[in-house]
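Novice: Show me how the following folds:
(2 chains)
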Amino acid sequence: MNAEAKRWFPNSMPAPMVDHHTLPWWQACAEHKLTAQRCTKCNHAQIPPAPICSECRGNAFEMTELNGKGTLYTYSAVHQPVSMEQTLPFIIAVIELDTSGTPCKNSVRLMSNIVDADESELAIGKPVEVVWETMSDMVSLPRFRFS
Amino acid sequence: MSRKAHIVGVGESQYTKWGKIGDITEHALAHQAIMKAVADAGLSVDDVDGLASFAEDRNEAIFIAAELGLPELRFGNMVWMPGGGGGCAAVSNAAMAVETGQAEVVVVYRSLCQGQFMRFGHAAELMANNAGAAAEPPPVSFSQANTLMLAAMGMVMPFGMLTGAAAFALPFRRHMHKYGTTSEHLGKIAVTFREHANNNPRAVLKDKPLTLEQHQASRMIADPFRLFDCCMENDGACAVVITTEERAKDLAKARGRTPVEIVATVQGAPKGYSFGSFTNANIDDDIYATGGTEQMANRLWQKADMKPSDIDVAQIYDHFTGSVLMQLEDFGFCKRGEGGDFIDSGALSVKGGSLPTNTSGGSLSEAYMHGLNHVLEGARSLWGESCNPVKDAKACLVTSAAGVPSSAILLRAN
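Specialist: Reported below is the predicted structural model:
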């Protein structure tokens, strides 16, 4: 089985709800590119993408591809199902994404999941790397595993 | 004479486990609470000219006013601080209306029939209902977010972030990491509030004593929050009547009560907070492992010219035990990171604690009314009408939900 095709969550999980500003981020995800919206005026990186830079109020942006590495900022092993079909518990995690090697002046965090790990392995500060789950031709989700 | 806002009456319907109230609609339940609160104040429904609520209340003021036959609606208001963050803000807005002369008597109300609508904690059921009965579900696709809230939630829901338990577990997990706070600290909060509720005939969990061992053995919901760290989901309604000092003095005298002044109110959120830890992974690191209410708390103390040691009794929003602990730090009752020690000291108990807190049992054990019941208990604790009276209590802090944009009020018996 192709590693890319590995599945952790059922299709009955909530699908992304997008607006004009967040759609490009999800479209990059579909190509398995993890990005942050970078203000071209002050290089502030933000997720989710927004119509204005919260630091300098600039409104010109580029979607900057990140290296997919990060650290675990915080987490919770959730024992209540979101979809009736999913395996419990599942791990909701906040990932501090590495923006080194890009013009971004700050790191930026993303709400996501830790996969392929036991609860006993969870610890704040541990390094992680992105792993993609292809939900459909249109939707792929960036999840993370310990690196 | 002064138009300074005072609380003059409180009232509630029966509180039950979610889904137990099916023979009366949610807005009819609101009427019950409003009429009881108005009667408690010694007023008539014909005296009411303002209505305020919060948390996207389904029972709009214009319809409640029409149904109750209010002679004229002069103030109708809904707070934008989301969910349980808005309870004290609704009181604050009512106080503004009274103090600026827009209205004379404003009732703040909250009615919740979770059985008739949806349970906040049961995302999977909600999703299943929305998905309909399609035999062959379509491939995962995007849908359009029609509101800013849905756009924000739409970024995190695909990862399973739908419930408060998960949303508020994230900052508390970090608090544990930074300060060594433990699940036992949380258990002591739950046990203390249950002890208070065991004296409260209105409490849904009145006859259900809770031990620390039971707490520690209860099933995990969203680690580190166990079942007894989470508030209930309930049916019920409650209401609070607010009017001017001039009227309040006469009404209090007639009831043999001390007038209860709304000394100061605050609402808001830190920079960039949006929907707090629910949707925002990028809350400032200094603020992430807190209730997000420290700035607001400092403003409240400054506005009231009071300090934490002036408070005799507190009603702290308790959707989750961890949020209580972090708010106690935010409001300066102990230093940052020392919330666990403060809990260990027995501070929150009405039996000799330095800060008797949630004397009705709160959302963990009295009822989950999005925290408006905390305001009712705040007034009762200063009138000497609490089921767990704090002797000679003169000042009470009431807070709304932490971890999301929030609000708070200071009450004083004059």
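
Novice: Pull the distance from stretch B:394-408 to the chain's centre.
Specialist: 7 Å (Cα atoms, centre = their mean, to the nearest Å).

Novice: next one: stretch A:98-117
Specialist: For stretch A:98-117, the distance to the chain centre is 7 Å (Cα atoms, centre = their mean).

Novice: doesn't A:Thr40 make contact with A:Gly58?
Specialist: Yes - counting by Cβ atoms under 8 Å, A:Gly58 does reach A:Thr40; the two are 7.2 Å apart. For every residue, glycine as well, the C-beta is placed using N, CA and C.

Novice: so what's the backbone phi/psi at the nearest residue to A:Thr102 once chain neighbours are set aside?
Specialist: Distances taken as Cβ to Cβ, 6 or more residues apart in numbering or on different chains place A:Thr64 nearest to A:Thr102, at 5.0 Å, with adjacent residues excluded. Per-residue torsions, A:Thr64: phi -100, psi 130 (degrees, to the nearest 10).

Novice: mind listing the strands in chain A by residue range?
Specialist: Per DSSP state E, chain A carries strands over the ranges A:17-18, A:35-39, A:45-46, A:61-65, A:69-78, A:90-97, A:108-114, A:127-134, A:140-146.

Novice: contact partners of the fourth one?
Specialist: Right, the one you point to is strand A:61-65. The contact list for strand A:61-65, computed with Cβ atoms under 8 Å, 6 or more residues apart in numbering or on different chains, reads A:24-25, A:28, A:33-40, A:45, A:49, A:53, A:99, A:102-104.

Novice: Which entries within the residues you listed meet the buried criterion?
Specialist: Buried by 16 or more other Cβ atoms under 10 Å in any protein chain shown: A:25, A:28, A:33-39, A:45, A:49, A:53, A:99, A:102, A:104, out of these.

Novice: and those residues, which two are the farthest apart?
Specialist: A:Lys33 and A:Cys53 (21.2 Å; Cβ to Cβ).

Novice: tell me the phi and psi of B:Gln144?
Specialist: phi -90, psi 130.

Novice: can you count the residues close to it?
Specialist: Applying other Cβ atoms under 10 Å in any protein chain shown, we find 12 other residues in the vicinity of B:Gln144.

Novice: I'd assumed A:Asp19 was in contact with it.
Specialist: Yes - contact criterion Cβ under 8 Å: B:Gln144 and A:Asp19 qualify, at 7.1 Å.

Novice: what's the nearest residue to the residue most central in space within chain B if we skip its chain neighbours?
Specialist: Central residue of chain B (Cα atoms, centre = their mean): B:Gly371, 1.9 Å from the mean position. Distances taken as Cβ to Cβ, 6+ apart place B:Gly87 nearest to B:Gly371, at 4.0 Å, with adjacent residues excluded.

Novice: So the one you found: helix, strand or coil?
Specialist: helix (DSSP: H, G, I helix; E, B strand; the rest coil).

Novice: count of neighbours near residue 114?
Specialist: Going with chain A. Residues near A:Ile114, counting by other Cβ under 10 Å, number 24.

Novice: Let me rephrase: I mean chain B.
Specialist: Neighbours of B:Gln114 under the rule other Cβ under 10 Å: 22.

Novice: likewise the one 4 residues further on?
Specialist: Applying the criterion other Cβ under 10 Å, we find 14 residues in the vicinity of B:Met118.

Novice: Report pLDDT for it.
Specialist: pLDDT for B:Met118: 70.

Novice: now it, what's its secondary structure?
Specialist: Secondary structure state of B:Met118, per three-state DSSP, is coil.

Novice: if I look at it, how far off is B:Pro158?
Specialist: Using Cβ to Cβ, to the nearest Å, B:Met118 is found at 20 Å from B:Pro158.

Novice: that older thread, residues touching the residue nearest to B:Gly371, list them.
Specialist: Counting by Cβ under 8 Å, 6+ apart, B:Gly87 makes contact with B:54-55, B:110, B:317, B:370-372, B:374-375, B:400-401, B:407.

Novice: can you put these in JSON lines and add pLDDT?
Specialist: As requested, the contacts of B:Gly87 are exported to JSON lines (pLDDT from 0 to 100):
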{"residue": "B:Phe54", "pLDDT": "95"}
{"residue": "B:Ala55", "pLDDT": "93"}
{"residue": "B:Arg110", "pLDDT": "96"}
{"residue": "B:Tyr317", "pLDDT": "98"}
{"residue": "B:His370", "pLDDT": "96"}
{"residue": "B:Gly371", "pLDDT": "97"}
{"residue": "B:Leu372", "pLDDT": "98"}
{"residue": "B:His374", "pLDDT": "98"}
{"residue": "B:Val375", "pLDDT": "98"}
{"residue": "B:Ser400", "pLDDT": "98"}
{"residue": "B:Ala401", "pLDDT": "97"}
{"residue": "B:Ser407", "pLDDT": "98"}
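
Novice: Out of those, which is nearest to B:Ile21?
Specialist: Nearest to B:Ile21, judged by Cβ to Cβ, of those is B:Arg110 at 14.2 Å.

Novice: Could you give the bridge partners of that closest one?
Specialist: Listed by DSSP bridges, the beta-bridge partners for B:Arg110 are B:Cys238.

Novice: Identify the residues contacting the helix or strand B:Val38 falls within?
Specialist: B:Val38 belongs to helix B:26-41 when assigned by DSSP states H and E. Helix B:26-41 has contacts (Cβ under 8 Å, 6+ apart) with B:8-13, B:21, B:24, B:44-45, B:47-48, B:58-59, B:63-64, B:67-68, B:107, B:109-113, B:116-117, B:235-241, B:243, B:251, B:255.

Novice: Which positions in that helix come out as buried?
Specialist: So for helix B:26-41, counting by 16+ other Cβ under 10 Å, buried means B:26-38, B:40-41.

Novice: How about stretch B:313-329?
Specialist: For stretch B:313-329, the neighbour count (16+ other Cβ under 10 Å) marks B:313-329 as buried.

Novice: These in helices, which ones?
Specialist: The helices, defined by DSSP state H, take in B:321-329 from those.

Novice: Contacts for the worst-scoring helix or strand of chain A on mean pLDDT, please.
Specialist: Every helix and strand in chain A was compared by mean pLDDT, DSSP states H and E; the lowest is strand A:17-18, with a mean of 94. By Cβ under 8 Å, 6+ apart, the residues outside strand A:17-18 that reach it are A:26, B:142-145, B:150-151, B:153-154, B:157.

Novice: same thing with stretch B:377-397?
Specialist: Counting by Cβ under 8 Å, 6+ apart, B:7, B:10, B:196, B:199-202, B:240, B:257-258, B:260, B:263, B:306, B:310-316, B:331, B:350, B:356, B:358-360, B:366, B:398, B:408-413 sit against stretch B:377-397.

Novice: For ChimeraX, write a command that selects the buried ones of those residues.
Specialist: Restricted to buried positions by 16+ other Cβ under 10 Å, the ChimeraX selection for these reads:
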select /B:7,10,196,199,200,202,240,257,260,263,306,311,312,313,314,315,316,331,350,356,358,359,360,366,398,408,409,410,411,412,413
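
Novice: if you skip the residues just before and after it, what's nearest to A:Glu121?
Specialist: A:Phe146 (6.5 Å).

Novice: Burial check on that neighbour, number of neighbours?
Specialist: 15.

Novice: The residue nearest to B:Gly371 and chain A, how far apart?
Specialist: Distance, B:Gly87 to chain A, using Cβ to the nearest Cβ, to the nearest Å: 25 Å.

Novice: try B:Met155
Specialist: 5 Å.

Novice: helix/strand/coil for the residue of the stretch 101-250 of chain B found nearest chain A?
Specialist: Closest to chain A within the stretch 101-250 of chain B is B:Gly154: 2.7 Å, counting by Cβ to the nearest Cβ. Using three-state DSSP, the three-state assignment for B:Gly154 comes out as helix.

Novice: what about it, how many neighbours?
Specialist: Residues contacting B:Gly154 under the criterion other Cβ under 10 Å number 24.

Novice: Tell me the predicted confidence for it.
Specialist: At B:Gly154, pLDDT is 95.
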